[in-house]
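Peer 1: below are the sequence and a predicted model for it; my questions follow.
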Amino acid sequence: MEKLLEAAGKVSDQAEVYGLESRTSVVEFENAALHDIKETMTSGVSLRVIKGGRLGFGHTRNLRSREELVGNALASLSGGVEAGFDFPGKASLPELKTFDAGVEKSSSPDLVAECARMAGELGSRTKGEIVARAWSAEQTLSIANTKGLDVSVRSSECGLAAAAVFPGSACSIGRSVRFRGPGRMSQAALDDVVWPFHPG
């Protein structure tokens, strides 16, 4: 990002780089059995420039050619979008607890194990079709510009969902929970899914 910002700053009045990196793991159970595992990693960079009072924009997921990205942002200036503002300068931002380091150790086998536990618990207590889902995600957002702003924020989220489908219908009862880091579906939440199948 630093080299991109430097290159863009040489050919514009102001430049700002926005970068995002993310990793997501998702496990899905259908009919109480493993159905799908997905692992995705994505990253991308966008560039905004201000030159002659006009705003330009470019973005990419491939930084092999910084010159191409800068060129795209400069080419978009021909659209004639007026900036009407300056990029923000250096700022002291409050630190929010948006990241749990435990998510770095969370793996697909961990998610599979929790889905299997939820499905096993629900399957042993009801005849409904059991579905379960678990996921973990983390991302890093960075913004830097030629006015001195340079900030980076990491965030994480883990989640669980489990449901039982009433036999012979498309209706289900389910619960979902979210955490900043790895967690487990509580017994109380699983009980909430089961009790409508056994009223009274």
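Peer 2: Looks like it arrived, so ask away. Quick caveat, the model's predicted, so the values are computed rather than measured.
Peer 1: from now on I want contacts and neighbour counts done on CA atoms only, so please keep to that.
Peer 2: Will do.
Peer 1: I'd like the average pLDDT over stretch 31-49.
Peer 2: Computed over stretch 31-49, the mean pLDDT rounds to 94.
Peer 1: and for stretch 123-131?
Peer 2: Per-region confidence: stretch 123-131 scores 91 on mean pLDDT.
Peer 1: using neighbour counts, pick out the buried residues of that stretch.
Peer 2: If you call a residue buried by 16 or more other Cα atoms under 10 Å, then stretch 123-131 has these buried ones: 123, 126, 128-131.
Peer 1: got the contact list for that stretch?
Peer 2: 28-32, 119, 122, 162-167, 194, 197 (Cα atoms under 8 Å, 6 or more residues apart in numbering).
Peer 1: one more time with 6 Å, if that's ok
Peer 2: Under the criterion Cα atoms under 6 Å, 6 or more residues apart in numbering, residues 29-32, 162-167 lie in contact with stretch 123-131.
Peer 1: now do the same for Ala113: helix, strand or coil?
Peer 2: With DSSP: H, G, I helix; E, B strand; the rest coil as the basis, the three-state label of Ala113 is helix.
Peer 1: one more: Val103?
Peer 2: Secondary structure for Val103, judged by three-state DSSP, is helix.
Peer 1: next: Phe85.
Peer 2: Reduced to three states with three-state DSSP, the structure at Phe85 is coil.
Peer 1: next, count neighbours for Phe197.
Peer 2: Using other Cα atoms under 10 Å, Phe197 has 17 other residues around it.
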